[in-house]
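In: Here's my sequence, what's the structure:
(2 chains)
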Protein chains: 2
Amino acid sequence: MFKNIGLEYRDILVLGVAGVVIGAAVGVLDAVFGRILNYCTEIRLEYFSWLIFFLPLAGAAIVGLYRKLGKSAAKGMNLVFQVGLGEAPGLPVRMVPLAMICTWITHLFGGSAGREGVAIQIGAAVSSNVERFAGKWWNIRERKQIFLITGMAAGFSGLFQTPLAAIFFSLEVLIVGQLEYSALFPASVAAFTAGAISGQLGITKFHMEIAHGYGISLSFMLKLVVLGLIFGIVGTLFAEGIRQVRSRLNAVFTGHPFRKVIIVGCILAVLILALHQGRYSGTGESLAELCFSGGEIYWYDWFLKGILTILTLSAGFVGGEVAPLFTIGACLGTVLAPLFGLPAPLVQALGYTAVFGSGTNTLIAAILVGSEVFGYGMLPYLAVTCITAYIFNLNKSIFSAQKKSMLQYLKERMKLEGEDE
Amino acid sequence: MFKNIGLEYRDILVLGVAGVVIGAAVGVLDAVFGRILNYCTEIRLEYFSWLIFFLPLAGAAIVGLYRKLGKSAAKGMNLVFQVGLGEAPGLPVRMVPLAMICTWITHLFGGSAGREGVAIQIGAAVSSNVERFAGKWWNIRERKQIFLITGMAAGFSGLFQTPLAAIFFSLEVLIVGQLEYSALFPASVAAFTAGAISGQLGITKFHMEIAHGYGISLSFMLKLVVLGLIFGIVGTLFAEGIRQVRSRLNAVFTGHPFRKVIIVGCILAVLILALHQGRYSGTGESLAELCFSGGEIYWYDWFLKGILTILTLSAGFVGGEVAPLFTIGACLGTVLAPLFGLPAPLVQALGYTAVFGSGTNTLIAAILVGSEVFGYGMLPYLAVTCITAYIFNLNKSIFSAQKKSMLQYLKERMKLEGEDE
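Out: Take a look at the predicted model:
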């Protein structure tokens, strides 16, 4: 028995060291990625009316880069999920520079997209290669999966500075309802390390302390539930929209990715320019800040941000979906707050959090991200709204490779193993 | 597709109604159970030096009651787990009065035990019978499990007034790492309903707002981790201790439960009387309150509370393990705080929470219970300590029927189904 405990503690130790190494490397990369991205945004804000005209060409450059150099890396987030689920062997190093550069290009020329998915790809690619190296002299069960989750947690935390949400996001996102606790320790170490290091290197957290202490009356609870229902449906529509538009565009432009990105890029450029001149470019963080600072928010902001992000990502540009989900929720919350007779910051925070949870089909990560951004006192309200949103999102997710249940996962694993024979 | 959504929403609605019914019934029962238990405690405090001499006889009465009327209900928490895992068909109604009365007896005569496990049994037994009734005209997949989890959440929340911890406790406790999200909706409804109703009926929450805002320095983080390691090991020792002592006593007294409860009851009565005259009787909540109010705590309090609870429950008395775990953690925290140079209330709260998490082998429930009791601002510190405790508890749990992984669960399910043929 003591020998087993000794071995178990040795493995924990190795995983802890791996967590520090991965966290540190990803923290530095996240800082480089995030700071240059901020710089791209500044340039775009200054020269927007020029840059937006080059959006279609920028798209062509991205498609070209991935076709020339991408290989399997072109599958992006899907490949990350496949490795995490044991369906692909590993992630190429090239994923890191490609995803970074192409996201910078997308943002510089005014596309509407996030960055979190990219940070997760960076983390996953780094950890997958650390795993390949460590695997030469050390082996434990489910090693690939454990390292992948560790890297995802580091990538999320390094960019967002929300370590707890990052840990639970990567533990819960692969298979619905299944927490990969074998990765809990390295993922925690990596998330805190990456957050600390990227913080030292100048990455800041979006933080907005919201007044709380509303008590829990029945009518207030019911309002939280109805809001959760609405946010849940909007998150689902976004996830389903991205899937539908992507597959329709692929059907129309089969075998012509350049034609697709240039034609859709032209339409996008015109729309982004015409609709309040770049209001919907980039991550939308400035729009979210506008919500919380009481600036002017139009009733259709959430909708346009959603449509333009779906178009940007379906056309072939590169970026994440998380920040747009936050923005959609905050804008929608601004519209809904007076209808429900509730304070605007409260409903904005609920929307920010619940639309993210619904769109990514994660629950604990959503509750934690909201708590880390808006203050832990918000947790009970966030929990009620996020639970409702989670129930009414009908199991849709922006991550099309996510497994919807342990049963589905096991069935497909068995089928795969059957094919191997 | 719309037909499916319609059906899905109809099922959600039925589950919601079931959640309200179960939550209301369990809330009332929890209130009756909790208030009479408090009354028993008052009487014990007044007449302790008389009552403690009857502890062995009280034990004999409990054994007699279960032997005469108990049938399968005698398996207590194990039976609850078996139903939750599909290994047993349902819980008998008699479980409710038996568990309540025998816990009152245990507490009245000075045994050292909790009450939470009993509240969970009450909730589970109620919901299992509602399920049997509802099952006559309505069916969904995994119905038994969903109802059971709903009842457990109601039982926990009704007694403790911590609905969020109750929801996640019942979702995560059956199988490690697996959250039964199919029960998320009814469990949430039932937990909030039971909490609201038992609150109306006079059940109060143990609440202690702890100052927070320590920031996150590396040395502070390391202290939290080392504390987590210690609390994790103590929780494991308690869980393993209860298993070992129970099986040893059963081996010594095979076929003689009366002899067991009377002999061990005599030893217990002497010990409980000799060791500070009843300081360790009951749930230990008064001891935990003494910790937080700065009263005198001996360095061995945590240890004696643990030993006496293990003896009480192994002898054949009835009660829970959760409140004693809280108390052990708070007392140990009092001892450790000066050694770590940290404020006593902080370390007490960390111990209260992490020893519970380690002993029950739950993570999210532990973090949430601590947040609901000590204030949400404590969440990040609780998370770091609880994660560490969870990792170093080596997968031990006071619930011997808990499944340690999805894989173990599926293997045993398949074996069971094979036997059925």
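In: buried ones in the one helix or strand A:S127 maps to?
Out: Assigned by DSSP states H and E, A:S127 belongs to helix A:116-134. By neighbour count on 16 or more other CB atoms under 10 Å in any protein chain shown, the buried set for helix A:116-134 is A:116-131, A:134. All C-beta atoms are positioned from the backbone trio N, CA, C, and that covers glycine.
In: Restricting to these, which residues neighbour chain B?
Out: Filtering the buried residues of helix A:116-134 for proximity to chain B by CB under 8 Å from any CB of the partner chain leaves nothing.
In: Show me where the stretch 301-421 of chain A has its helices.
Out: Here the stretch 301-421 of chain A has its helices, by DSSP state H, counting those that start in this stretch, at A:301-315, A:322-340, A:344-360, A:364-374, A:379-391, A:406-420.
In: do you know which of the ones you listed lies nearest chain B?
Out: helix A:379-391 (4.8 Å; CB to the nearest CB).
In: could you say what helices and strands that closest one packs with?
Out: If contacts are counted by 3 or more CB pairs under 8 Å, 6 or more residues apart in numbering or on different chains; DSSP states H and E, helix A:379-391 sits against helix A:218-252, helix A:344-360, helix A:364-374, helix B:163-172, helix B:184-200.
In: Counting neighbours, which bits of that helix end up buried?
Out: Neighbour counts over helix A:379-391 (16+ other CB under 10 Å) mark A:379-391 as buried.
In: Quick check: residues of the stretch 51-200 of chain A near chain B?
Out: A:164, A:167, A:172, A:176-181, A:184-185, A:188, A:192, A:196.
In: returning to what we had before: now flag whichever of the buried residues of helix A:379-391 is closest to B:A88.
Out: Using CB to CB, A:I391 comes nearest to B:A88 of the buried residues of helix A:379-391, at 28.1 Å.
In: residue in chain A nearest to chain B?
Out: Per CB to the nearest CB, A:Y376 is where chain A lies closest to chain B, at 3.8 Å.
In: so who does that residue touch?
Out: Listed by CB atoms under 8 Å, 6 or more residues apart in numbering or on different chains, the contact set of A:Y376 reads B:371, B:376-380.
In: so A:G333 sits right up against A:T353, yeah?
Out: No - the pair A:G333 / A:T353 is not scored as a contact, 9.5 Å apart, by CB atoms under 8 Å.
In: okay but A:P324 is in contact with A:T309, surely?
Out: Yes - under the criterion of CB under 8 Å, A:P324 makes contact with A:T309 at 4.2 Å.
In: Look up the residues that both of these two are in contact with.
Out: A:112-114, A:284.
In: And these, which is closest to B:T254?
Out: Scanning those for proximity to B:T254, where the rule is CB to CB, the winner is A:G114, at 64.6 Å.
In: That closest one: what's it in contact with?
Out: The contact partners of A:G114, by CB under 8 Å, 6+ apart, come to A:283-284, A:309, A:319-325.
In: So what's the predicted local confidence for A:K415?
Out: Looking at A:K415, its pLDDT is 65.
In: One more: A:V118?
Out: 91.
In: Contacts only, for it.
Out: For A:V118, the contacting residues are A:33, A:99-100, A:103, A:318-320, by CB under 8 Å, 6+ apart.
In: Neighbour count for the residues you listed - can I get that in JSON lines?
Out: Formatted as JSON lines, those follow (neighbours: other CB atoms under 10 Å in any protein chain shown):
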{"residue": "A:F33", "neighbour count": "26"}
{"residue": "A:A99", "neighbour count": "27"}
{"residue": "A:M100", "neighbour count": "23"}
{"residue": "A:T103", "neighbour count": "28"}
{"residue": "A:V318", "neighbour count": "29"}
{"residue": "A:G319", "neighbour count": "28"}
{"residue": "A:G320", "neighbour count": "24"}
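In: Could you dump those into TSV with pLDDT added?
Out: Formatted as TSV, the contacts of A:V118 follow (pLDDT from 0 to 100):
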residue	pLDDT
A:F33	97
A:A99	94
A:M100	96
A:T103	96
A:V318	93
A:G319	93
A:G320	91
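In: Show me the shaky parts of chain A.
Out: Residues of chain A that meet the criterion pLDDT under 70 lie in A:1-7, A:406-407, A:409-411, A:413-421.
In: how does it divide up, domain by domain?
Out: For chain A, the domain assignment from automatic domain parsing gives the residue ranges A:2-200, A:218-391.
In: Using a markdown table, please lay out the ones you listed together with distance to B:H107.
Out: Output for the domains of chain A, formatted as a markdown table (distance: least, CB to CB, whole Å):
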| stretch | distance to B:H107 |
| --- | --- |
| domain A:2-200 | 35 |
| domain A:218-391 | 31 |
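In: Can you tell me which of the contacts of A:V118 is nearest A:L275?
Out: A:G319 (18.3 Å).
In: how about the nearest residue to the closest one, chain neighbours excluded?
Out: A:A113 (2.6 Å; CB to CB, 6 or more residues apart in numbering or on different chains).
In: Please name the residues that touch that neighbour.
Out: A:A113 neighbours (CB under 8 Å, 6+ apart): A:103, A:106-107, A:282-283, A:309, A:312-313, A:317-321, A:324.
In: ok, those residues vs B:V63, which is closest?
Out: Among those, and counting by CB to CB, the member closest to B:V63 is A:E321, at 60.3 Å.
In: hmm, back to that, could you check the angle helix A:184-200 makes with the helix holding A:S127?
Out: 120 degrees (axes from the mean of the first three to the mean of the last three CA atoms, to 10 degrees).
In: Which helix or strand lies directly C-terminal to helix A:116-134?
Out: helix A:143-160.
In: CA atoms only for that following helix, dumped as PDB, please.
Out: Provided in PDB are the C-alpha atoms of helix A:143-160 (Å, rounded to 0.1, in the frame of the first residue of the first chain):
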ATOM      1  CA  ARG A 143      -1.300  11.200 -20.100                       C
ATOM      2  CA  LYS A 144      -2.200  12.900 -23.400                       C
ATOM      3  CA  GLN A 145      -5.600  14.000 -22.100                       C
ATOM      4  CA  ILE A 146      -4.100  15.200 -18.800                       C
ATOM      5  CA  PHE A 147      -1.500  17.300 -20.500                       C
ATOM      6  CA  LEU A 148      -4.000  18.700 -23.000                       C
ATOM      7  CA  ILE A 149      -6.300  19.900 -20.200                       C
ATOM      8  CA  THR A 150      -3.400  21.400 -18.400                       C
ATOM      9  CA  GLY A 151      -2.400  23.400 -21.500                       C
ATOM     10  CA  MET A 152      -6.000  24.600 -22.100                       C
ATOM     11  CA  ALA A 153      -6.300  25.800 -18.500                       C
ATOM     12  CA  ALA A 154      -3.000  27.700 -18.800                       C
ATOM     13  CA  GLY A 155      -4.000  29.300 -22.100                       C
ATOM     14  CA  PHE A 156      -7.400  30.400 -20.700                       C
ATOM     15  CA  SER A 157      -6.000  31.700 -17.500                       C
ATOM     16  CA  GLY A 158      -3.000  33.400 -19.000                       C
ATOM     17  CA  LEU A 159      -5.100  35.600 -21.300                       C
ATOM     18  CA  PHE A 160      -8.100  36.200 -19.000                       C
END
